[in-house]
Every structure is written in structure tokens, then in C-alpha cells.
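[1] Dropping the sequence and predicted coords here.
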Amino acid sequence: MRIKLSSLAQGLGLELKGEDREVAGAGTLESAGPEELSFLADPGYAGLLESTRAAAVILEQKYAHKVQTALLSENPYLDFARALEFFAKPQGCLAGQSELAYIHASARVHPKAVVYPFVFVGAKAEIGAGTTLFPGCYVGENCLVGPDCILYPRVTLMAGTILGTGVMIHAGAVLGADGFGFAQSDTGREKIPQMGRVVVEDFVEIGANTTIDRATLDKTLVGKGTKIDNLVQVAHNVTMGEGCVLVSQVGISGSTKLGKGVILAGQVGVSGHITIGDNVVIGPKSGVPKDIPAGKVMGGIPAMERGTYLRSLAVAPKLPEIARRVGRLERELAGLKKALDSGKNNSG
Amino acid sequence: MRIKLSSLAQGLGLELKGEDREVAGAGTLESAGPEELSFLADPGYAGLLESTRAAAVILEQKYAHKVQTALLSENPYLDFARALEFFAKPQGCLAGQSELAYIHASARVHPKAVVYPFVFVGAKAEIGAGTTLFPGCYVGENCLVGPDCILYPRVTLMAGTILGTGVMIHAGAVLGADGFGFAQSDTGREKIPQMGRVVVEDFVEIGANTTIDRATLDKTLVGKGTKIDNLVQVAHNVTMGEGCVLVSQVGISGSTKLGKGVILAGQVGVSGHITIGDNVVIGPKSGVPKDIPAGKVMGGIPAMERGTYLRSLAVAPKLPEIARRVGRLERELAGLKKALDSGKNNSG
Amino acid sequence: MRIKLSSLAQGLGLELKGEDREVAGAGTLESAGPEELSFLADPGYAGLLESTRAAAVILEQKYAHKVQTALLSENPYLDFARALEFFAKPQGCLAGQSELAYIHASARVHPKAVVYPFVFVGAKAEIGAGTTLFPGCYVGENCLVGPDCILYPRVTLMAGTILGTGVMIHAGAVLGADGFGFAQSDTGREKIPQMGRVVVEDFVEIGANTTIDRATLDKTLVGKGTKIDNLVQVAHNVTMGEGCVLVSQVGISGSTKLGKGVILAGQVGVSGHITIGDNVVIGPKSGVPKDIPAGKVMGGIPAMERGTYLRSLAVAPKLPEIARRVGRLERELAGLKKALDSGKNNSG
């Protein structure tokens, strides 16, 4: 795939500065070859503009004098992402619906859906137009999969799962497994039937081997445009608003509610039955034991305000020394008191 | 599915208070509609009894006067779980054994087992009566799967894995992959062959995408009635007693022994080659570096007694301030000593 | 499989002390039966030499007098690992290439590769000699899989993934899913196309349900001989040198570089865009926020030098008490100052 810079500029609504030419791909300022496009988003890398071999660079106007050929942008990172779309080739190598798939007689698969070999579509499930099911996907009975979705290999949708439009799910993710709920009886733990479902709104992306459990009675909800990374656990009855970001290995316990635009960094754990307000940001590896009001930026175990968190990170390695200093203070103070007492007694 | 309250009451061994009628499902006090059953387990929700639209509520005798129709229970949570069983419909839409599955000629699959398309059953494996293998399951050679098990889609049992009666494994779980063991030689790490197996006792439930490794020589053992959540890692040679509970994203390192009834909350990590006594409870995100005697309730990194743990959570955000206070104490004490010395000298 | 001790000794280059006989397996000093081989690596277990029923023990010369039959070794652990190879039987029960697999017309599968049912090999993918693809594996278009690899059930290689020689990947692992990258626009997050690939060098082992994302533009690289455990997350653009060890549930964020021989213990999290030097060792559950120079042994959140880390583990349970002691010190010091002031005033 080769494309003229002028076509790219037009497609992206950007101004081309310098000579028009064809590019055949993209790279970082360091890796891009003479037929590739690059970009400058972080000013810290501006020094690389002099040495880059890139055919052209997407950058802000103020850096334009440093390169021969540029596409001028107010948001180079976003425009580079959009430029990549011109070169990106969707994954997959088949069209149509494979005879090696199993589609239940009562399922409704749109003629414009693509179904790979070894896919299973259960009774009364519906698959929308333009949706692709890669090999090994399982779509349980009564699932509704909207149009233009991509389910990469071995994605599992247990019965009744609902996906909106344009949902992308990476390989091995499991939606709608039973929530983890048991009631204690005299003889042990009895399973609480998990009768709800998982609902995923439009334009959500879900990472590889992530698990999102069905609700006990109602629905586990992933809000529109939310992005979930790999190996994340979302427990039963959790709901999250639009535009959340859950980085890899996050775990959210049952019945917790996330507002809109919540960002959880990697390996964060969130307790059950709590509420995280809109646009809350939680730093990596944090543990969130209780409600957090909207807009807070927090981190740590337990999660604390950002300033306190950063100071606690700085103080953590000093704690053994601080413990020693407290011991020394106690001894010195005791010594001082004794000396004073003894002085008093002597002088008394 | 519709059922009379009087039938439910009889089935559960509870007393019906109020008029008999049919119910068609269940919900929380807030969500239940006028044809649905609900329950009150946590007294904190008793206020909702006045506004609920539920057809009937499972609750303790002392709350019975607050609703028109009730099923009286001494353990409403457990009885509600049991009531749900009347409405729950098992997952799946096929019966019999699919011709699209591969069953090795030497395998023995009970005629009353259900085998979906794209299942693989290896040489000399045995599948018990009433067991269901969903699409994409892999049962390696010499596996023994007991009766009444459910293996949801894409569950993998590597060679020689043994499951008891009534085991439920959610999609994507992997049992019997090689343990992580290497011996250092002059030229690098050499793999230690993992020749043991995984043994899962009766009525265990294992979550989606969880991994339980085979033992090096003997067996990795999951005790009867143990419940394991999603994305949990159980390393080689681990053994656990009956009735343990492992919440999502827990990791247990090699050769560790868990007693009976051990509860590990989400994201807990347990070191290798240690022993956790019966009925130990470990709080979320904790790290357990050494043996814990039976009955302890602990938490934190490293795991400490519950009281200390809760205080440490409370003190964590104050550490930066405490560090400052220690510095100030040192300066003040030094100032005081200097003043006293100077006073002494002056008066000396 | 039965083998003479003298054959084992010859095969391993060890000296046999005592009578020759056949052994049929191996076990620990405690578990080995009278026809099994065992070993002593940790001197702490030397006491078991007197009671073991093992037919022979691999051990160092200095312990040889304690048993009747021994194989003398300078590295008993390594030689035991190698001895196990004589008894180990590779997993699997089929040969050849199944007609129940789907192999794209343009793919090249070596005649000496083994392909199980329900495997999918995409367009222009290549599979080397002696490589085995277990049921449910997905090899996307343009993948290159070297010789002598083992892909256990349901391993997913997204398009363009490259594996070297002798790579072993356990069930459910996903290589080459999209990296987690989005650019913020006025209307939400836009996906940054992930156009790079994953490259895995020779003799790497990758655990069950682990995920390794493709690079945005270039490659995510796993160095030769690296060993990765289950449920590990490796984000896009990460590179790691030869001989690294990543224990279960580790997470490495995007674009981070690991040197050679880096060891990350269980549940460690590493920030993005940082560099970890050669032979760094990080203790369990640690969080690594910034560069670490070669050779360091560290642990904790944030990761600190080993000595500090161990002391911080010891001091952690004492922090609530230390906080109280600081408060008491402040009160005592204030009291002392007041007393002195009052004394001064009295005497002034």
C-alpha cells in the first residue's frame, strides 16, 4: 500500500509543507525509513527531527522548520493514529461463512457476517452485518451481536450476552461466565445461580483473555467506548459508564459501579459494592477499598490522594530508617529526661 | 417458567405468609417486578421492603409484618439461592454427541455425556455420565472426567488430569499445563520435565481462564468443594484442602499447602513451599511470604494480623507526614539539647 | 519405561555407586518408591536419606555414604532434571495432519509437522518440521513458526507472529493481539492501529493464558531462552533480552526494555517506557516505576534495593505502632519544653 502525502493531507485535513511524494508505511522518528511517515508528539523527541530518515513528519507548526517535509497538525499523535489507518490491513484471510462452522438452525447470522471455521453459534443467537467471528469463537444461545463487531479467535460469549455496534474483542476473552457467588449452608457452599447477563455497549474494545462475568439477576454493563486491556477481571453486577479505561490485570469486584471516564491503571484492584465517580484516575497497583468521589486522582494501597500517594512512594524506602530514628529519639529523649531529673534532684 | 409460591415454599421447606400466587423470576428488592421473587438478607436494606414491587420476599420472621407476601426463612440468602434454582435454565442448546467432535477410538465417553462440536477427547480418556463438554474443550489422553461435570467452552485438560463428580469449569481454564520449573546449567536454563498431574475433587468450581499447573512428580490437588474464581494461578505441586475459596487473580506459588476452608481474597499472592493452616482468611492484594497457623485472619504486604493490617491501612496515608514529624522532632530535640548544653555551660 | 541405573549413569555422565538395577520412575525423597529414583539438592533434606525408600539417589559425593545406591553429581538438581527426561513422555496422541484442521491453500506446513483437528492455519503462514499444533490453535496469516515448536491447545498467534526454533507455548496463550493504544480526540478515544508484530526467539517457553501484544509499528521481542509463566501480560513494543524469567501474573507495560537475564517474580508490575538492566532481579508483587541499572536485586512498591526492601517488609507491621510512638514523642517533648520554659521562667 503506497499513498501520496497530498492524499494523506487531504484525508486528514492537514496542510502539507514540502514536496509531495509517496509513502509506504510508518515508523517512529528513529525507526522510519525514507519511504515512511513519522510523527512528533512529545517535545522531548524534537532533537530526533534532525536525524530522522522519515519521508515526512506529522508535527506542530512550530517544529516545521526543522524538517523538509511535514504534515502540520494541532494534535500530531491523533493525526498519526489516523494516518496509520491508511496503511493498516485488517486481520484475517477468509470471507463468507465457513461450512466448518456450526450454526444452530434457529440462529440468525446476517449474510454479510464473516464466520470462520470452528465457530459455534447457538440457538436463537443473532449476528449482525459486517461482523466477523474468527476461528473457535463460541456464541451461546440467545446472544445478540451487533453489526461491525470483530471477535478474534476463541472469544466466548456465554448465553444471552449482548454486544452493541463496532465492538472488538481480542482472542480468548470470556464474557458471561457465572459470577462468583455462593451461599453458606450447614454442609458447605451452595452455588447461587447466575441468571443475569453481560451487556457491552457500542465501540467497546476488550483485551485478550479478559473475563467479564454475567450478573446474578440483572446485567453486568460495559459503557459505550470503554477500552479494556488484557487479563482484566470484571465481576458480576459491575457497571461502568462511557469511556472508561481499564489497563491490564485490573480486577473489579462484584456490584461495584464505575462512573464515566474512569481510568484504572495496571493491576489495580477495586473492592465490591462501592462507587467510583466520573473521571476518577487510579494509579498502578493500587487497592481501592471504598467509594471515591468524581474527579479524584488517586493511588496506593489503600488508594489515597495523588499528592499523598507520590509522597508515600518517596517515603516508602525510608521507613526502615525512620523506624530506627524513632527508636533513637525515644532513647535520647529518655536520656535527656533522666539527666534533667537527675540535675533537678542534684540541684533540688 | 412460572411457579406457585406454595410450591416454592414446599420445595424449600419454608412457611408461606400471605396469598398464594405464581412468580416468574427473581430480582433484588429494587429491581424485582410484580411477578418476581426477592429477598432480604442484609438488614441494611430493610427500608426497601416498603417500596419493593416484588410479588413476595424471602426474609426472616421478624420482618414479615412489613410485606404482604413472604416466605419465612432463617437463612434468606441461602433460601433465595435455592429458590433461583427453580428458575435457572442450564446453559447450552444441544444434546447428544456431535459428529463434529473428535473422540479418539480408545476414549470412553459415557452415552449419557453431551459432547458439542469441536471437542477433542484424547486416547484412553474417560468421560462420565451426565457430563457436558462445550465447544472447543480439549481432554488430553488418560484424563478421567467424573459424572455430572460441566466443562464450558474451550476448557483444556492436559493429559492425565482427573476430575471428580460434579466439577464445573468455566470457559478457557487450563488444567495440567507444565509447572514452571527449570534447572540452571552452564549454558542456560534446562526444563524440568513436569510428569505429575492435576487432581480436582468433587463439586469444585473453577473460573474462566484460570490456570492450574500439573505437578512435577506427584499431583497438584484441589480439595472437595473448593471454589476458584477467574484468572487465578495455581502453580505445580500446590495442594489445597476441602472448601477453600480463591477469589479472582490470586496466585499461589509452587509446592505450597493450603489447609481446609482457606479464603484468599482478590489478587493475593502466596509464596512457594509454605503452609497455610485451616480456615485462614487473607485480605485482598496481600502478599504471604511464610507459614500461617490455622484460623488466622490476616492481610497486607507482608501479611500481618487483621488488627495490625487495618491499622496499617489507616496509617499508610499518614506516613509522609509522620516522616516529616520525625524530622521535626529530631531538630527540636537537637535544639533543646543544644540550649540545655549552652545553659549548662553558661551556668557552669 | 524401565531403565538401568548404569544406563542412566552413562547417559548423564555420572558415577554409579552401589549395585546396578532397574528403575521405573522418579519421586522426592519422601514419595519415591523402591523402584524409583530420587535426588538431594537442598542439604536441609539430607536427613531424609536415611528413611527414603528410593532405589537410588542423585546426590553429591559427600552424602554418598548415607545411601546404598547413588549417582554422584556435582549438580544433583540439574542431573535429576535430565534423568526425568528418560521417563517423560511427550503429551499428545496423534501423528500426521488431521483432515479436521483447516489449512489455507497458500500456507506451507512442513510434512513432518503434526496438526491436530480444529487447528486453523491462515494464508501464507509457514509451519516448520517437527512442530506440533494441538487442537484449537490459530495461526494467523503470514505467521512463521520455526521447527520443533509445540503449541498446546488453543494457542493463538495473530497475523505475522514469528516463532524461532524449539518454542513451547502452553494452552490458551495469545501472541500478537493488538497493543492497548488510543489517541484522544474531541469525541473520545480513537484506536491507534497496531501494525507491528511479535517475535519470539529460539527455545522460549510461554505459559498458559499469557498474553503478548503486537507492537504498534515494529516488534515486541522475547529473547532467546526466556521463560514466561502463566497469565503474564507483555504489552506492545516491549523487548526483552536472552534468558529472562517472568513468573506468573507479571505485567510489563508498553515500550519497556528488559536486558538479558532479568528475573521478575510473581505479580510484579513494571511501568512503561523504562529500561531494566541485565540480570536485574525483582521480588514478588513489586512495582517498578523507573529505570533500574544492571545487576540490582530489588523489591517493594516502589522497587527499592534488596536490603532496604527486606527491612521495609520487617518494619511494615510496626508502622501503626511507630505512628503512635511519634505522637507520644511529640507530646513528651512538648511537655519537656513546657516544663523547661516554666522552670526558666520561674528561675528567670
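    Now that the structure is in, tell me what you want to look at.

[2] Count the residues that sit near the nearest residue to residue A:164 once chain neighbours are set aside.
    The shortest distance from residue A:164 to any non-neighbouring residue, by C-beta to C-beta, 6 or more residues apart in numbering or on different chains, is to residue A:202 (3.8 Å). The C-beta positions use only the backbone N, C-alpha and C, and glycine is treated the same way. Applying other C-beta atoms under 10 Å in any protein chain shown, we find 17 residues neighbouring residue A:202.

[3] Residue A:202: which element?
    Here residue A:202 sits in a region with no helix or strand, counting by DSSP states H and E.

[4] And residue A:338, by the same measure?
    Counting by DSSP H and E, residue A:338 is part of helix A:319-347.

[5] Look up phi and psi at residue A:6.
    phi -70, psi -30 (degrees, to the nearest 10).

[6] how about residue A:149, what does it touch?
    Applying C-beta atoms under 8 Å, 6 or more residues apart in numbering or on different chains, we find residue A:149 in contact with A:128, A:131-132, A:163, A:165-169.

[7] which parts of the stretch 151-300 of chain A sit against chain C?
    A:152-154, A:168, A:170-172, A:203, A:205, A:207-209, A:225, A:227, A:229-231, A:243, A:245, A:247-249, A:266-267, A:284-285 (C-beta under 8 Å from any C-beta of the partner chain).

[8] now the helices for chain A?
    A:5-12, A:76-87, A:306-315, A:319-347 (DSSP state H).

[9] For the residue nearest to residue A:185 when sequence neighbours are not counted, give its distance to residue B:70.
    The shortest distance from residue A:185 to any non-neighbouring residue, by C-beta to C-beta, 6+ apart, is to residue B:78 (5.4 Å). Distance of residue B:78 to residue B:70, given as C-beta to C-beta, to the nearest Å: 16 Å.

[10] now residue A:81
    Applying C-beta to C-beta to residue A:81 and residue B:70 gives a distance of 58 Å.

[11] Mind checking which of those two has more residues around it?
    residue B:70 (28 against 24).

[12] wait, the more buried one sits on residue B:9?
    No - at 9.9 Å, residue B:70 and residue B:9 do not qualify as touching, with contact defined as C-beta atoms under 8 Å.

[13] Identify the contacts common to these two.
    residue B:16.

[14] For the stretch 201-348 of chain A, which residue gets nearest to chain B?
    residue A:311 (3.6 Å; C-beta to the nearest C-beta).

[15] Give me the neighbour count for the residue nearest to that residue when sequence neighbours are not counted.
    Nearest-residue entry for residue A:311: residue B:320, 3.6 Å, with adjacent residues in sequence omitted and distances by C-beta to C-beta, 6+ apart. When neighbours are counted by other C-beta under 10 Å, residue B:320 registers 21.

[16] and what of residue A:190?
    16.

[17] Please identify the nearest residue in space to it, excluding sequence neighbours.
    residue A:183 (5.2 Å).

[18] who touches the one you found in this structure?
    A:189-190, A:192, B:75, B:77-78, B:80-81.

[19] show me the contacts for residue A:78.
    With C-beta under 8 Å, 6+ apart, residue A:78 has these contacts: C:183-185, C:190.

[20] Likewise for residue A:44?
    No contacts exist for residue A:44 under C-beta under 8 Å, 6+ apart.

[21] What distance do you get for it to residue C:328?
    Here the criterion is C-beta to C-beta. By it, residue A:44 lies 48 Å from residue C:328.

[22] tell me the domain boundaries of chain A?
    For chain A, automatic domain parsing gives the domain ranges A:3-87, A:102-308, A:317-347.

[23] what's the closest of those to residue B:15?
    For residue B:15, the closest of the domains of chain A is domain A:102-308, at 18.7 Å, according to C-beta to C-beta.

[24] now the closest one: mean pLDDT?
    The pLDDT scores in domain A:102-308 average 97.

[25] now stretch A:70-85
    95.

[26] Could you export that stretch as CSV, CA atoms only?
    Coordinates of each C-alpha in stretch A:70-85 appear next as CSV, following Å, rounded to 0.1, in the frame of the first residue of the first chain:
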residue,chain,number,x,y,z
ALA,A,70,5.8,17.8,7.1
LEU,A,71,2.1,17.5,7.7
LEU,A,72,1.1,20.3,10.0
SER,A,73,-1.2,19.2,12.8
GLU,A,74,-2.5,20.6,16.1
ASN,A,75,-2.7,17.0,17.5
PRO,A,76,0.1,15.0,15.9
TYR,A,77,-0.5,11.9,18.0
LEU,A,78,-4.1,11.7,16.9
ASP,A,79,-3.4,12.5,13.3
PHE,A,80,-0.6,9.9,13.2
ALA,A,81,-3.1,7.3,14.6
ARG,A,82,-5.5,8.3,11.8
ALA,A,83,-2.7,8.2,9.2
LEU,A,84,-1.9,4.6,10.2
GLU,A,85,-5.4,3.7,9.3
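
[27] hey, what's residue A:163 bridged with?
    Residue A:163 has these beta-bridge partners by DSSP bridges: residue A:145, residue A:200.

[28] That one: neighbour count?
    29.

[29] So it is in contact with residue A:147, correct?
    No - at 9.8 Å, residue A:163 and residue A:147 do not qualify as touching, with contact defined as C-beta under 8 Å.

[30] Give me the common contacts of the two.
    By C-beta under 8 Å, 6+ apart, no residue touches both residue A:163 and residue A:147.

[31] tell me which residues of stretch A:335-345 are tucked away?
    Buried positions in stretch A:335-345, judged by neighbour count with 16 or more other C-beta atoms under 10 Å in any protein chain shown: residue A:336.

[32] Quick check: residue A:102 touching residue B:134?
    No - taking contacts as C-beta under 8 Å, residue A:102 lies outside contact range of residue B:134: 11.8 Å.

[33] neighbour-wise, which of those two wins?
    The residue with more neighbours, out of residue A:102 and residue B:134 and counting by other C-beta under 10 Å, is residue B:134; that gives 29 against 21.

[34] and the stretch 51-200 of chain A, which of its residues are near chain B?
    Going by C-beta under 8 Å from any C-beta, the residues of the stretch 51-200 of chain A near chain B are A:102, A:104, A:118, A:120, A:122-123, A:136, A:138, A:140-141, A:154, A:156, A:158-159, A:172, A:174, A:177-178, A:180-185, A:188-193, A:195.

[35] List only those of these flagged as buried.
    Judged by 16+ other C-beta under 10 Å, buried ones among those: A:102, A:104, A:118, A:120, A:122-123, A:136, A:138, A:140-141, A:154, A:156, A:158-159, A:172, A:174, A:177-178, A:180-183, A:189-193, A:195.

[36] So the spatially closest residue to residue A:49 that is not a sequence neighbour versus chain B, what's the distance?
    In space, and not counting its chain neighbours, residue A:49 is closest to residue A:66: 4.2 Å by C-beta to C-beta, 6+ apart. Per C-beta to the nearest C-beta, to the nearest Å, residue A:66 is found 43 Å from chain B.

[37] residues contacting residue A:66?
    Neighbours of residue A:66 in contact, by C-beta under 8 Å, 6+ apart: A:46, A:49-50.

[38] Most neighbours among those residues, which one?
    So for the contacts of residue A:66 (other C-beta under 10 Å), the most neighbours sit at residue A:49, 19 neighbours.

[39] quick one: pLDDT of it?
    At residue A:49, pLDDT is 96.

[40] List the contacts of it.
    Per C-beta under 8 Å, 6+ apart, neighbours of residue A:49: A:29, A:40, A:57, A:59, A:63, A:66-67.
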